[in-house]
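> Using only what follows, build the 3D model:
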Amino acid sequence: MRQNRGFLAFMLLLGLFRTAVADWNPVPSGSMHPNILEGDVVLVNRLAYDLKLPLTDRVIMALGEPRRGDIVTFASPLDGVRLIKRIVAIPGDRITMRDKQLILNGQSASYAALEQQTDPAALDAPWEAHAYLEQVSGHAYAIQWLPGVLARDNFEEQTIPDGHYLMLGDNRDNSADSRYIGLVPRRLLIGKAVRVLLSVDILGAWRPRFERFAQPLG
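The predicted model follows:
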């Protein structure tokens, strides 16, 4: 009986730790290709932005400000499903997309082609992907497009209001992001994804992808 109490106490503390301090999340979709793959388990720092009351979304204290380029987990404002995307615009930013090209605060993003990928664009999108290094407002990260796939490649310029963020998936043509779900309020942010803890090839008999273990995200 005493051992059971100890185990239950440990599980409770672990649950509190995961809801208040740090969490680890398996990634089931390809919306963040080529930077995060299906089968990755990412470490999420829940204290990157806010200290919240455990098991709730109630903010006790603000600890930091979300920044452009951060990869974050959050609850979808549409249905509450947990998503992982990249912050592309923060409060006060003016942003638009024209024929796939981002324009942030009047500055057009540049795109440099990266080496052609040999892996599928995503498990649910087995098309050939074209990868690029997107550079805008001092930030640079890899994204990909899927030729011939219809997506929302244009949206009108908008100014991001206080307490809200515009999220995009790095897999631009296969991502349910702010183009579809709207802006994300800060209260729905869960934390910042900081690195891949471990990774397995879910199409390759669940073999470990050791080269991705402890890989930082950025």
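
> Find the residue at the geometric middle of the chain.
Lys85 (2.4 Å; C-alpha atoms, centre = their mean).

> show me what contacts the closest residue to that one other than its chain neighbours?
Nearest residue to Lys85, sequence neighbours excluded (C-beta to C-beta, 6 or more residues apart in numbering): Met167, at 3.8 Å. C-beta: built from backbone N, CA, C; applies to glycine. Contacts for Met167 (C-beta atoms under 8 Å, 6 or more residues apart in numbering) come out as 72, 74, 83, 85-88, 177-178, 184.

> shaky segments in the chain?
1-22, 55, 117-127 (pLDDT under 70).

> Which strand in this protein has the most residues?
Ordering each strand of the chain by length in residues (DSSP state E) puts strand 189-201 first.

> List the strands paired with that strand, with their directions.
When pairing is defined by DSSP bridges, strand 189-201 lines up against strand 40-45 (antiparallel), strand 71-75 (antiparallel), strand 207-208 (antiparallel), strand 215-216 (antiparallel).

> tell me which residues of the longest one are tucked away?
Along strand 40-45, the positions that meet the burial threshold by neighbour count (16 or more other C-beta atoms under 10 Å) are 40, 42-45.

> re earlier: can you spell out which residues form a bridge with the residue nearest to the centre of the chain?
Beta-bridge pairing of Lys85 under DSSP bridges involves Val72.

> same thing with His139?
Val136.

> Quick check: it vs Asp99, distance?
In this view, His139 and Asp99 are 21 Å apart by C-beta to C-beta, to the nearest Å.

> same thing with Ser137?
19 Å.

> thought Asp170 was touching Tyr132?
No - Asp170 is not in contact with Tyr132 according to C-beta atoms under 8 Å; the separation is 10.2 Å.
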